[in-house]
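Asker: Predicted structure and sequence below. I'll ask about it afterward.
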Amino acid sequence: MIESLPSTKQQPKGPEANNEVTAKVKSFELKKNDKYYAWLFLGPSILLLTVFVFFPMLRTLYLSLFLTDTFGNPTVFIGLKNYTTLLKSASYIASLKATGTYVISVSVFTIIFGLLLAALANQKLRGISFFRNIFTATMGVSVSVSAVFWLFMFNPSLGILNKVVVAFGFHPINWLTTPGWAMTAVIATTVWMHLGFTFLLFFGALQAVPKSLYDAASVSGATSRYQFWHITLPMISPTMFFVAVITLISGFKSFGLIDLMTGGGPTNATNLLVYRVYKDAFMNGNYAQASTEAIILTIIIAIITFVQFKLLAKRVNY
Amino acid sequence: MENSMMKQVAKKKILGNTVKYLLLAILAFIVIFPFALGIWTSFLPSMDIAKGTLWGGGQLTLHNYVTAFTQTKILRYLLNSLVIATLVTAAHLFFCSLGAYAFVFLDFKYRDFLFYVVLGTMMLPFEAEVIPNFATVKMLGLLNHYSVMVIPFLTSAFGIFMLRQTFKQIPRDLKEASDVDGLSHWQFYWKVVMPYSKISLCTLAAYSFLGAWNQYLWPMLTTFSDHLRPVQDGLRQLQSEETFNDWGMVQASAAIVVVPTLIVLYIGQHYFKSGLNEGSVK
């Protein structure tokens, strides 16, 4: 056995070495070509990203330092004045606060409900796959379909919610035209929309927790509550973090639902940051201010994404 | 003695299961209710809906669906979205895979720098860049044209990033072997890399399709003609157009829109899951 090893290695040495040399020569020749292939393969993507992502970002930054005319052309350079004006404006601060309330509520409730659904669906019960299918269903529901479903429920005269409210002896509520309720309505709809996706993520994470950990804990007499806090939660914390980040980011970008459900109203109660950009630019024609708002929004989202990358990279490296 | 203890354990288990089923049922009800109500309403006569009689009224009818199909452009909207989403998906598969290939298998100057640049674009929200982008497509004469809803989305930084992760797992030996066999980059890409990465490509396809299908803001800004409208903006149109708020018809349209997506979802579920794992675990 030991003797046969070198001999089998020795025999094909001649041709193999030859192969290696030709391979090296060939791959060297190919390496020279790599540059052209790189242009060919990467060119289209880089071009598109430059035209539709980088250039617009720089242009938006540029516009935010100027006053603009009604066509969006820069007129007078004013430095950071747009920023200071905006950050002093009560209505913008209100928008920032509303956006904060919205994204944090959406994130927290999505995590709580998504985890609850996943934990229940992870039980070994008869007919559990039926429930699993139901829980993923909202993934197929787009923004405008969700808006149609929920607008009907929130409808003051026809909606089911007011029927319930009246049945309990309260006055009907104007869900979408009362500031506090409008925000609640938008949050509820968003959480509902996110549920399917979040459920799937948490369910996957729960299934990936090694069963042996639970078995060992059961043997040493740990209660299921203890197991949840000391095994399940730490094991799924990366997924939880991931869900938090993506719901935060999508919350900051949330446009369609606002447009369909409240139009930023009532009295700007749901006038979130993205919606402001759209309104100021395309309805009020104030491109400089809209650009400034867009830059602030970008900075917020970039920070969250950056933190996500950093933490992802950390996890990959260990 | 032991028997009674086992009975107690069994009793406790039955009780626990009942609680679990109850919770499951309540949650399933909350999740499915907005759906179910919408679909149910779509089968009710308009008169009943207007009176607020949701059950116990007249009979169920397909009238709302007939109205939706004949008096609105819902089919046209669906077709528009289908065409746009298919084109965007195909373009993502092609351009993202080529880009990812370059980052994994090609050796060129500034490779890492360019990769970080691409990665960086994932941080920049498209929603915050609509002002210059609107000016750009206007200048290019693309406003109110199909292509305006496709061209800006032909590639995706996320797609390049995701496929790069996949391509990196292809054994280096395969590349060396193909070099020995004299395969060009193009041949290696087409004959080895693409078939090898089928699952990731399907995942990307599912994501890209849904992403394009759900576009809302950009089409709203850049197209004005009803016959170009994709389905999300079409639904908005139906809702705002109807001065009488014909809820039955609107709900029927929503049902017509949601059914194909649900079908795609259940077929593609497996790929979504694997894609999610790529994103969250790796």
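Answerer: Structure's in. What do you need? Owing to the predicted nature of the structure, the values given are computational and were not obtained by experimental measurement. Residues are numbered from 1 along each chain as shown, chains lettered A, B, ... in the order given.
Asker: Please tell me how far A:Val166 sits from A:Ser218.
Answerer: 50 Å (C-beta to C-beta, to the nearest Å). Every residue, glycine included, has its C-beta placed from N, CA and C.
Asker: now swap in B:Ile131 and tell me
Answerer: Counting by C-beta to C-beta - B:Ile131 and A:Ser218 are separated by 59 Å.
Asker: ok, B:Ala25 - how many residues close by?
Answerer: Residues lying near B:Ala25 (other C-beta atoms under 10 Å in any protein chain shown) number 11.
Asker: Just the element for it, please.
Answerer: Element membership for B:Ala25 (DSSP states H and E) is helix B:2-42.
Asker: model confidence over that helix, on average?
Answerer: Per-residue pLDDT over helix B:2-42 has a mean of 85.
Asker: That helix: what's the following helix or strand?
Answerer: helix B:46-51.
Asker: Please identify which of B:Ile131 and A:Ser218 sits among more neighbours.
Answerer: Between B:Ile131 and A:Ser218, B:Ile131 has the larger neighbour count (other C-beta under 10 Å), namely 26 against 12.
Asker: pLDDT score assigned to the residue nearest the centre of chain B?
Answerer: Closest to where the C-alpha atoms of chain B average out (C-alpha atoms, centre = their mean) is B:Leu210, at 1.4 Å. At B:Leu210, the pLDDT value in this model is 85.
Asker: Might you report the residue contacts of A:Leu115?
Answerer: A:Phe202, A:Ile236, A:Met240 (C-beta atoms under 8 Å, 6 or more residues apart in numbering or on different chains).
Asker: Looks like B:Leu154 contacts A:Ile46 (just checking).
Answerer: No: at 12.0 Å, B:Leu154 does not count as touching A:Ile46 under the criterion of C-beta atoms under 8 Å.
Asker: Near residue 36, how many residues? Count them for me, please.
Answerer: You didn't pick a chain, so chain A it is. Neighbour tally, A:Tyr36, other C-beta under 10 Å: 12.
Asker: hmm, I had chain B in mind actually
Answerer: When counting by other C-beta under 10 Å, one arrives at 12 neighbours for B:Ala36.
Asker: re earlier: element containing the residue nearest to the centre of chain B?
Answerer: Secondary structure assignment for B:Leu210, by DSSP H and E: helix B:198-213.
Asker: okay if I get the contacts of A:Leu115 as TSV plus neighbour count, distance to A:Gly72 and pLDDT?
Answerer: Shown next, in TSV, are the contacts of A:Leu115 (neighbours: other C-beta atoms under 10 Å in any protein chain shown; distance: C-beta to C-beta, whole Å; pLDDT from 0 to 100):
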residue	neighbour count	distance to A:Gly72	pLDDT
A:Phe202	25	44	92
A:Ile236	23	47	88
A:Met240	18	42	88
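Asker: Rebuild those as JSON lines, extending it with distance to A:Ala281.
Answerer: JSON lines is the format used below for the contacts of A:Leu115 (distance: C-beta to C-beta, whole Å):
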{"residue": "A:Phe202", "distance to A:Ala281": "38"}
{"residue": "A:Ile236", "distance to A:Ala281": "41"}
{"residue": "A:Met240", "distance to A:Ala281": "36"}
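Asker: Including distance to A:Leu272 and secondary structure, could those go into a markdown table?
Answerer: Conversion of the contacts of A:Leu115 to a markdown table gives the following (distance: C-beta to C-beta, whole Å; DSSP: H, G, I helix; E, B strand; the rest coil):
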| residue | distance to A:Leu272 | secondary structure |
| --- | --- | --- |
| A:Phe202 | 26 | helix |
| A:Ile236 | 29 | helix |
| A:Met240 | 24 | helix |
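Asker: Specify which member of those residues is nearest to B:Leu62.
Answerer: Using C-beta to C-beta, A:Phe202 is the member of the contacts of A:Leu115 that lies nearest B:Leu62, at 38.8 Å.
Asker: Need the contact partners of stretch B:67-81.
Answerer: B:146, B:212-213, B:226-235, B:238, B:246, B:248-249, B:252-253, B:256-257, B:260.
Asker: Mind giving me the PyMOL select for those, buried ones only?
Answerer: Of the contacts of stretch B:67-81, the buried ones can be selected in PyMOL as follows, counting by 16 or more other C-beta atoms under 10 Å in any protein chain shown:
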select buried, chain B and resi 212+213+228+229+230+231+232+233+234+235+238+246+248+249+252+253+256+257
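Asker: related to what we said a few turns ago, could you give the average pLDDT over the helix or strand following the helix holding B:Leu210?
Answerer: Proceeding N to C from helix B:198-213, the next assigned helix or strand is helix B:217-222, under DSSP H and E. Helix B:217-222 shows a mean pLDDT of 94 in the predicted model.
Asker: who touches helix B:217-222?
Answerer: Contacts to helix B:217-222, defined as C-beta under 8 Å, 6+ apart, come from residues A:255-256, A:259, A:278, A:282, B:126-127, B:130, B:134, B:137, B:142-144, B:148-149, B:152, B:228-230, B:232-233, B:236.
Asker: Report the distance from it to the chain centre.
Answerer: On the basis of C-alpha atoms, centre = their mean, to the nearest Å, helix B:217-222 sits 18 Å off its chain's mean C-alpha point.
Asker: Mind checking what helix or strand follows that helix in sequence?
Answerer: Next element after helix B:217-222 (DSSP H and E): helix B:231-241.
Asker: and that following helix with helix B:198-213, angle?
Answerer: 20 degrees (axes from the mean of the first three to the mean of the last three C-alpha atoms, to 10 degrees).
Asker: counting contacts, what elements does helix B:231-241 pack onto?
Answerer: helix A:143-154, helix A:256-261, helix B:74-105, helix B:217-222, helix B:247-281 (3 or more C-beta pairs under 8 Å, 6 or more residues apart in numbering or on different chains; DSSP states H and E).
Asker: For those, which has the smallest mean pLDDT value?
Answerer: Ranked by mean pLDDT, those bottom out at helix B:247-281, with a mean of 74.
Asker: Provide the count of other residues in contact range of A:Trp282.
Answerer: You called it Trp, but residue A:282 is Phe. When neighbours are counted by other C-beta under 10 Å, A:Phe282 comes out with 17.
Asker: I'd like to know how far the residue lying closest to it once chain neighbours are set aside sits from B:Phe126.
Answerer: Excluding the flanking residues, the one nearest A:Phe282 by C-beta to C-beta, 6 or more residues apart in numbering or on different chains is B:Leu221, at 6.6 Å. To B:Phe126, B:Leu221 is 12 Å away according to C-beta to C-beta.
Asker: same deal with A:Gly251?
Answerer: A:Gly251 is 15 Å from B:Phe126, by C-beta to C-beta.
Asker: who's more crowded, these two?
Answerer: Neighbour count, other C-beta under 10 Å: between A:Gly251 and B:Phe126, A:Gly251 has more, with 23 against 17.
Asker: which element is that one on?
Answerer: With DSSP H and E as the test, A:Gly251 turns up in helix A:233-253.
Asker: buried residues in that helix?
Answerer: Going by 16+ other C-beta under 10 Å, helix A:233-253 has these buried residues: A:236, A:239-253.
Asker: roughly how far apart are B:Tyr266 and A:Ala137?
Answerer: From B:Tyr266 over to A:Ala137 (counting by C-beta to C-beta), the distance is 9 Å.
Asker: more neighbours, these two?
Answerer: Using other C-beta under 10 Å as the criterion, B:Tyr266 and A:Ala137 rank with A:Ala137 on top: 19 against 14.
Asker: ok, that one - contacts?
Answerer: A:Gly196, B:Val31, B:Ile32, B:Phe35, B:Leu262.
Asker: The first one and A:Phe135 touch, don't they?
Answerer: Yes: A contact is recorded between A:Gly196 and A:Phe135 when judged using C-beta under 8 Å, the distance being 6.6 Å.
Asker: which one of the two has more residues nearby?
Answerer: Neighbours per residue (other C-beta under 10 Å) separate A:Gly196 from A:Phe135, with A:Phe135 holding more: 27 against 22.
Asker: these two touch, right, the more buried one and A:Phe199?
Answerer: Yes: using C-beta under 8 Å, A:Phe135 is in contact with A:Phe199, at 4.5 Å.
Asker: what's the overlap in contacts for these two?
Answerer: Joint contacts of A:Phe135 and A:Phe199 (C-beta under 8 Å, 6+ apart) are A:Leu117, A:Ala118, A:Ala121.
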